[in-house]
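**Q** With the sequence up front, the predicted model follows.
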Amino acid sequence: MPTGIRSLPPELLYAIFELTMSAGNDAFGSHDDEITVSPPWPDIFDLKKGPWVLGQVCSRWRFIALSIPQLWSNFYVRLPRCKDSAVDVLQAWLGRSGNRPLQFQITATLGFCGHHCGSALLTTLAGTSARWQTVELVDVSIKFLDTLAMQREIQLCSLPLLKELSLRSRNWDIESDDSPEFEDPSTAYEVFFRAPNLDTLINLDTLSLSVFKLPWNQLTTYIGSDASHAIDHLEIMLLCPNLIECDVAFDRTHTWPTIPSLPLKQLKKWTIRVRNSAHDLSLLLSQTTIEVPNLQELALLAGPFVLTPILDLFRPVVISSACSLQYLELSGNTIDHSLMRFLESVPTITRLRVWSSLTILPLLQNHEELVPMLHTLDIGLTERADIYAFDLTILAVVVRSRRRSDHVESIRRMNIVVNMWELDIMGLHVFPPIMEVLQEEGLDIRVCKRTEKLSRIK
């Protein structure tokens, strides 16, 4: 009679295998938690990782792994060192994915399309374009996109399932592209136009994506890194009248034209990340009329840098838009006057997340009328010791006074937000005793990792 792991039913092994694949970096060491150039899915040419390794344990595991197309529907493609069997490997992988929607990342370094193996890989991959759901393109060139467009035209296939497109590329210079005779980029710019379900665009590099012909009106999510110029982000936002969620990082704002209006009437979630560029960004948008009437969640993040210009910029925005903001997240250095004026402009928020560089507790203690509907307070810690940057005696006073007040909501929940690598060694036992006292008095306290998707709005 089988014992140990051999006694597990196939259904349980199915679940374990799927969890193993979804663990990604933790199981196979492929990437960090953040979106980076590193592949988030198994490298199809690394036979010592990913689902390949599951099939090398025993015949039973191999049979089970081959019968789960989900294991083979997420992958990373590159130009391998051993190119002779590369196409066969890709075909085998795609065959095992059945008819499942595909999520993949492809790194097309310089010369990818000029190599017969790269062209063959692209042709094979393009044959499954009807199943593409998430596509991440890294280091691609204009020539690569043009070749891809031609492949799709040959296949006579649109991109009916494509929902998310991510682009991370080197600076595009047609003169120095991997095809010297390449002149007209228009076909390349149209490669993702026929994607009726595309709703998410991610720009991770210095690309001016506004030159692309995309189904802009249907995009609901835009994510842009600080590698792009601020004006590039703003131009894309102008092209997307139906944006619901936007997360943009601003760092390059040294040259810009004037943007008179930025109507974001459908936007509900907006995250703005700035570094040393807070002052420049405020100048860039100082003459711009920003409309966000449906905004519910706002994050203004400056890290260790100055936040004051952004607070002063967005205070009139939230007032004139008359939005019912419910979630607010702040980080950066600011003065009490600017912070208090901004909090006065957002009386509807029910959840507030602040990072350790902000001294917000004294304001809540001295001005009970601030954020009267607040019931959840998140304290963000870059490091565990940052908890001591907060005056926990004042925290106790704020929690207790609001509980007794008839004019404001009581703070019923507090989340201590930490980096993921700190989570395993953190619990209430590592914090000052006042935390346990507050919990005994009825405050719901929990420790959670920064990337955890907590429900922001209650």
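**A** Cool, got the structure.
**Q** SS state for V135?
**A** Assigned with DSSP: H, G, I helix; E, B strand; the rest coil, V135 falls in the strand class.
**Q** Find the nearest non-adjacent residue to it, please.
**A** Among residues not flanking V135 along the chain, L165 sits closest, at 5.5 Å (C-beta to C-beta, 6 or more residues apart in numbering). The C-beta positions use only the backbone N, C-alpha and C, and glycine is treated the same way.
**Q** Could you give the number of residues near that neighbour?
**A** Look at L165: counted by other C-beta atoms under 10 Å, it has 24 neighbours.
**Q** what about it, which helix or strand?
**A** strand 164-168 (DSSP states H and E).
**Q** Tell me the gap between that strand and the middle of its chain.
**A** 11 Å (C-alpha atoms, centre = their mean, to the nearest Å).
**Q** Same check on stretch 332-351?
**A** 25 Å.
**Q** And that stretch, what's buried?
**A** Within stretch 332-351, the residues that qualify as buried are G332, T334, S338, L339, M340, F342, L343, S345, V346, I349, T350, R351, counting by 16 or more other C-beta atoms under 10 Å.
**Q** Quick check, pLDDT for E34.
**A** pLDDT, E34: 39.
**Q** Just name whatever secondary elements the lengthiest strand in the chain is in contact with.
**A** Longest strand of the chain, by residue count under DSSP state E: strand 297-306. Counting contacts by 3 or more C-beta pairs under 8 Å, 6 or more residues apart in numbering; DSSP states H and E, strand 297-306 is packed against strand 269-274, helix 278-285, helix 308-321, strand 327-333.
**Q** shaky segments in the stretch 251-400 of the chain?
**A** Applying pLDDT under 70 to the stretch 251-400 of the chain picks out residues 252-256, 357.
**Q** Make sure F342 is indeed in a helix.
**A** Yes - counting by three-state DSSP, F342 falls inside a helix.
**Q** before we move on, the earlier item: verify the stated contact: the residue nearest to V135 with I202.
**A** Yes - under the criterion of C-beta atoms under 8 Å, L165 makes contact with I202 at 7.0 Å.
**Q** hey, where'd the helices end up in the stretch 101-250 of the chain?
**A** Along the stretch 101-250 of the chain, counting by DSSP state H, counting those that start in this stretch, helices occupy 116-126, 142-155, 186-189, 230-239.
**Q** Let's have those helices in a markdown table, adding mean neighbour count, distance to S97 and mean pLDDT.
**A** Shown next, in a markdown table, are these (neighbours: other C-beta atoms under 10 Å; distance: least, C-beta to C-beta, whole Å; pLDDT from 0 to 100):
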| stretch | mean neighbour count | distance to S97 | mean pLDDT |
| --- | --- | --- | --- |
| helix 116-126 | 18 | 12 | 88 |
| helix 142-155 | 20 | 17 | 72 |
| helix 186-189 | 17 | 27 | 79 |
| helix 230-239 | 21 | 32 | 92 |
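**Q** possible to save those as JSON lines with distance to L298?
**A** Converted to JSON lines, the helices of the stretch 101-250 of the chain look like this (distance: least, C-beta to C-beta, whole Å):
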{"stretch": "helix 116-126", "distance to L298": "39"}
{"stretch": "helix 142-155", "distance to L298": "35"}
{"stretch": "helix 186-189", "distance to L298": "33"}
{"stretch": "helix 230-239", "distance to L298": "15"}
